[in-house]
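Participant: structure of the sequence below:
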Amino acid sequence: MKKQILFFLLVICFEQGMSQPINLDRPVKAGELTCFPDIGNETQYYYISDKPHLAKDANGKPQFSFLRYAENKISTSDQPNSESDGGGIVHAVVSLEVTPDQIREAQRELQRLKPNAQLLGPVVYKSGKFGIVSSFKDPQGGLSKQVVGLGNAPVLDGQKAAVSIQLTKLGAKILWESFNTTAPDISFTFEMDVRGYRSPKKAMIEANFDQIYDHKAFAVGVASTFLAAEIKGTFDDLVRTGAIKVTQIGEDEKMEAMITTAYNKIADMMFAPMNGTGNLGLNELGGITGGNSTSVLDRATNMLRENRNEARAINLENDNRRTAEDARLRADTVRRGGLPNDPRTGAPRREYEPPTRAGVTPPTEGNTGGNNRANIQDVQMPTFAIVATFEMKRIHQQGIFRIDLNKSTSDNISMRFDENIGDLTSYKKDNSVFREVNLDDPLYIQRELTAMIDGMNATDFGQYVNFVNLRLKKTHQSGDITNQEIRIDRNNFNKEGNNFRMVYGWKGDNDRRKWMDYDYETEWSFFGGQTVKVPLQHSTSGALTLAPPYQRRSVEFQADQAALTSAGVRLITINVFYKLGTTELKKQVTLNPTKSQLSEKAEFMLPGDSYDYEYEVTWRMSNNQTKTSGRIKSNEAIVFVDQVTQ
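Facilitator: Residues are numbered from 1 along each chain as shown. The predicted structure is shown next:
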């Protein structure tokens, strides 16, 4: 009961836009789990739920389906025996969940490492993406790993999420045969954002925005879509040119973490997630499954391929360096008077035996007792290109911006992990899991449409949306009309894995192309009584991505410890005011200087093209009096609140 209450409080903390009180700089591996300590009590830990698997229904059957279809076509004179058209549709529901045994093992290991350590519960992810990766034939005739599907990942332990992919005929053939093996060529790959705090570091971030916006990668303007990995690559280049500087005062081995914090802060000021969370709709992804060759998934796949090639080249060069080092050591040993005795037998060695990569290396010339070979470290092979997508804010920052990291700073880190979909060979003859159809049989033909809410996970939905009504209207060629309506609310959003289905049949639709046409409309009900009706839209797609008219925005409030101490401030309360339609709503965050909580984020909803909000700061002074700033208009991503209004 105690753990359930704690977990409930963590979820409330997440929904209110607060950082979970974990120290991102001090993860511990306990058993199979990665754990983070509480920032205020390092004997209390939270574990990462990083064990994905294919979800199962109440009967134990995997929530997975693979439909392979064929559509007959008339052959041409130059191809008398041509194949039919076709492809495939894969739908999978994935769950993130650790077992009780894994939790108990982690608890035992924690107490062995640190007496009195307690494992309190799971880390609540801020957000995340998960993709499906498989092999497809590249233009050179080989098979290469490609990202073929993308969805919003579950953020709570035990939560489910769904993803659907549409395959070309070749892709469907390859994958269908792959499911005859115990480890099919399809894997889930996750990239999850964890929110917490960085320990104070004696470092300063300095960003010259005039130089940053001049970079060729950002000169394309606000209408472009930027991958998170592309932004990071550009920031790496800007660090090399000096437009972004991280100045370290004294010694600190956490330079990589400081660079990550710098990138996060600058990116928050320059970019906003596409569709609220950085996830594009299925129609915008395209490319891999047939379509525009410059799509987002193609760019992510190309980036993954380039990163892997770069890693292979580095590791090959390392192998050559190790070989050269082994030869130099052998020659040096001979020059010094011959080979030493074999420590296993006591007999003289006949030839030099280089140590393994994990072994101990002998002294090197000019550095007796040193270990040049051990310093040659391979790089890890990348498993997933970052596919979160962003758009540049229309309002550009100017001048030089500085952030002092000498305080507990809220930040995000990315956790990445992968898992094979698992052995499904026992279901290959189950028509409800693996099914093949020919679309040219009018008696059985039906059109199944998949709808999903874009840019929201279950927590977002429950926090901002009452319900969504989706209405389908199909006018058949016979004159008949099919009307369907589904209601998506908090109760069925997570239960259905954000996967809702509608269907219409064949009613005299002899023109197959026109049979694909239909119309739909949506009506959104947001908290606060605001209702938005999106007009009737035309579509032919088998998958509908329903983008909300309001998107999630984020603003971070920061304060300087020295300034607050000088002014005699004990507590800061910030109220953020924003509007959904004509209704004004409010979010509240608190900074507590006595606990070194000097930065916090507030998240709220605004119209898709707006970043304007108002905020009011209240300072509680050491004499228990309060001072207020009054309401201030802003559109900034980071606001400093350490200048007390007189």
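Participant: how near is the closest residue to Ala567 other than its chain neighbours to Gln561?
Facilitator: In this structure, Ala567 finds its nearest non-sequential neighbour in Val644, 4.6 Å apart by C-beta to C-beta, 6 or more residues apart in numbering. The way it works is simple: take the backbone N, C-alpha and C, and place the C-beta from them, glycine included. Distance of Val644 to Gln561, given as C-beta to C-beta, to the nearest Å: 14 Å.
Participant: what of Met255?
Facilitator: To Gln561, Met255 is 23 Å away according to C-beta to C-beta.
Participant: with neighbour numbers in mind, choose between those two.
Facilitator: Gln561 (17 against 12; other C-beta atoms under 10 Å).
Participant: give me the phi and psi angles of that one.
Facilitator: Torsion angles at Gln561 (phi, psi; degrees, to the nearest 10) stand at phi -60, psi -40.
Participant: that one contacts Lys595, doesn't it?
Facilitator: No: in this structure, Gln561 is not within contact of Lys595 by C-beta atoms under 8 Å, at 11.1 Å.
Participant: now the helices for this structure?
Facilitator: 2-15, 100-113, 169-178, 209-214, 228-241, 255-270, 282-285, 296-335, 458-464, 490-495, 512-515, 561-567 (DSSP state H).
Participant: okay, the ones you listed in TSV with distance to Ser541 next?
Facilitator: As requested, the helices of the chain are exported to TSV (distance: least, C-beta to C-beta, whole Å):
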stretch	distance to Ser541
helix 2-15	32
helix 100-113	40
helix 169-178	18
helix 209-214	36
helix 228-241	26
helix 255-270	31
helix 282-285	6
helix 296-335	16
helix 458-464	22
helix 490-495	21
helix 512-515	14
helix 561-567	53
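Participant: select, out of those, the one closest to Lys201.
Facilitator: helix 255-270 (5.9 Å; C-beta to C-beta).
Participant: tell me how far that closest one lies from the chain's centre.
Facilitator: Here the centre of helix 255-270 is set off from its chain's centre by 16 Å, with C-alpha atoms, centre = their mean, to the nearest Å.
Participant: what does it contact?
Facilitator: 24-25, 198, 201, 203, 205, 207, 209, 212, 218, 231-232, 235, 239, 244, 246, 248, 252, 390, 392-393, 396-397, 401, 403, 405, 409, 411-413, 554, 556, 636-638 (C-beta atoms under 8 Å, 6 or more residues apart in numbering).
Participant: which of those are buried? Put it as a ChimeraX command.
Facilitator: Buried residues among the contacts of helix 255-270 (16 or more other C-beta atoms under 10 Å), as a ChimeraX selection:
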select :24,25,198,201,203,205,207,209,212,218,231,235,244,246,390,392,393,397,401,403,405,409,411,412,413,554,556,637,638
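Participant: so which of the contacts of helix 255-270 are in strands?
Facilitator: Among these, the members falling in strands are 198, 203, 205, 207, 244, 246, 248, 390, 392, 401, 403, 409, 411-413, 554, 556, 638 (criterion: DSSP state E).
Participant: what count of nearby residues applies to the residue nearest to Ala567?
Facilitator: For Val644, the number of neighbouring residues by other C-beta under 10 Å comes to 18.
Participant: for it, give me its contacts.
Facilitator: Contacts of Val644 (C-beta under 8 Å, 6+ apart): 567, 569, 619, 627.
Participant: got it, and Phe640?
Facilitator: If you count contacts by C-beta under 8 Å, 6+ apart, Phe640 has them with 557-560.
Participant: stretch 177-185: end-to-end distance?
Facilitator: Using C-alpha to C-alpha, to the nearest Å, the end-to-end distance of stretch 177-185 comes to 9 Å.
Participant: mind listing what's buried in it?
Facilitator: The neighbour-count check on stretch 177-185 (16+ other C-beta under 10 Å) flags 179, 184-185 as buried.
Participant: where does the stretch 151-300 of the chain have low pLDDT?
Facilitator: 151-152, 154-158, 220-223, 249-254, 275-298, 300 (pLDDT under 70).
Participant: again, only using 90
Facilitator: Within the stretch 151-300 of the chain, the ranges that satisfy pLDDT under 90 run 151-175, 177-178, 183-206, 216-237, 239-242, 245-300.
Participant: so Thr594 touches Val569, yeah?
Facilitator: No: taking contacts as C-beta under 8 Å, Thr594 lies outside contact range of Val569: 10.0 Å.
Participant: more crowded one of those two?
Facilitator: The neighbour comparison of Thr594 against Val569 (other C-beta under 10 Å) goes to Val569, with 22 against 9.
Participant: on that earlier part again, tell me which of the helices of the chain sits nearest to Asn483.
Facilitator: Evaluated over those, closeness to Asn483 peaks at helix 512-515, with 16.7 Å, by C-beta to C-beta.
Participant: what mean pLDDT does the closest one have?
Facilitator: Helix 512-515 comes out with an average pLDDT of 86.
Participant: just the strands in the stretch 51-200 of the chain please.
Facilitator: Remark: strands assigned in the stretch 51-200 of the chain by DSSP state E, counting those that start in this stretch are 52-54, 64-71, 85-96, 118-122, 127-137, 143-152, 160-167, 186-198.
Participant: as a markdown table, those with distance to Leu316 would be great.
Facilitator: Listed next are the strands of the stretch 51-200 of the chain as a markdown table, based on distance: least, C-beta to C-beta, whole Å:
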| stretch | distance to Leu316 |
| --- | --- |
| strand 52-54 | 32 |
| strand 64-71 | 38 |
| strand 85-96 | 35 |
| strand 118-122 | 40 |
| strand 127-137 | 23 |
| strand 143-152 | 19 |
| strand 160-167 | 33 |
| strand 186-198 | 25 |
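Participant: what about the residue lying closest to Asp430 once chain neighbours are set aside, how many neighbours?
Facilitator: Leaving aside its chain neighbours, Asp430 sits nearest to Lys61 (8.0 Å; criterion: C-beta to C-beta, 6+ apart). Per other C-beta under 10 Å, the neighbour tally for Lys61 reads 12.
Participant: show me what contacts Lys61?
Facilitator: By C-beta under 8 Å, 6+ apart, the contact set of Lys61 is 427, 430, 432-433.
Participant: farthest-apart pair in these, please.
Facilitator: Taking C-beta to C-beta, the two most distant members of these are Tyr427 and Ser432; they sit 8.6 Å apart.
Participant: comparing those two, which shows the higher neighbour count?
Facilitator: More crowded of Tyr427 and Ser432, by other C-beta under 10 Å: Tyr427, with 17 against 8.
Participant: how about that one, nearest residue that isn't a chain neighbour?
Facilitator: Spatial nearest neighbour of Tyr427, chain neighbours left out: Val433 (4.3 Å); criterion: C-beta to C-beta, 6+ apart.
Participant: list phi and psi for that neighbour.
Facilitator: The phi/psi pair for Val433 (degrees, to the nearest 10) reads phi -110, psi -50.
Participant: that one against Pro62, yeah?
Facilitator: Yes: the pair Val433 and Pro62 qualifies as a contact (C-beta under 8 Å) at a distance of 7.0 Å.
Participant: that'll do, ta.
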